[in-house]
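Colleague: build me a model from this:
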Amino acid sequence: MKYEIVIKGHFNKNWNSWFEGMKISPLPDGETQISGNIKDQSQLHGIINRIRDLGILLVKVEKKDK
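Modeller: A predicted model of the protein is given here:
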């Protein structure tokens, strides 16, 4: 399943490994989009927990149709 996660702010691309190879794209409005395939709910929750642990504001989580 493909997901799009949007967070507030921009961050260092060195954090790619924190997000299991997902694509990280800065958006012009000061937010960052994290997108890619997530195999199951457990992996999705792991990514959301990492965002929380980093103290980053979660803006949106959206499942995308293939």
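Colleague: in what helix or strand does the residue nearest the centre of the chain lie?
Modeller: By CA atoms, centre = their mean, the mean C-alpha position of the chain lies nearest to residue 34, the distance being 3.5 Å. In this assignment (DSSP states H and E), residue 34 forms part of strand 31-37.
Colleague: that older thread, thought residue 11 was touching the residue nearest to the centre of the chain, still the case?
Modeller: No - using CB atoms under 8 Å, residue 34 makes no contact with residue 11, being 9.9 Å away. C-beta here means a position set from N, CA and C on the backbone, and glycine is covered the same way.
Colleague: residues contacting residue 31?
Modeller: Residue 31 is in contact with 6, 7, 8, 9, 10, 59, counting by CB atoms under 8 Å, 6 or more residues apart in numbering.
Colleague: same question for the least confident helix or strand in the chain by mean pLDDT: list its buried residues.
Modeller: Between all helices and strands in the chain, the lowest mean by mean pLDDT, DSSP states H and E belongs to strand 23-26, at a mean of 90. Across strand 23-26, burial judged by 16 or more other CB atoms under 10 Å covers residue 24.
Colleague: over to stretch 6-19?
Modeller: 6, 7, 19.
Colleague: spit out the contact partners of the last one.
Modeller: The reference is to residue 19. If you count contacts by CB under 8 Å, 6+ apart, then residue 19 has 34, 36, 47, 50 around it.
Colleague: then the first one?
Modeller: Going by CB under 8 Å, 6+ apart, residue 6 touches 27, 31, 32, 33, 34, 58, 59, 60, 61.
Colleague: got the CA coordinates for stretch 50-57 in CSV?
Modeller: In CSV, the C-alpha atoms belonging to stretch 50-57 read as follows (Å, rounded to 0.1, in the frame of the first residue of the first chain):
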residue,chain,number,x,y,z
ARG,A,50,9.4,7.8,14.8
ILE,A,51,7.8,11.1,13.8
ARG,A,52,6.4,11.5,17.4
ASP,A,53,9.7,10.5,19.0
LEU,A,54,11.5,13.2,16.9
GLY,A,55,9.0,15.8,18.2
ILE,A,56,7.7,16.6,14.7
LEU,A,57,4.2,17.8,14.1
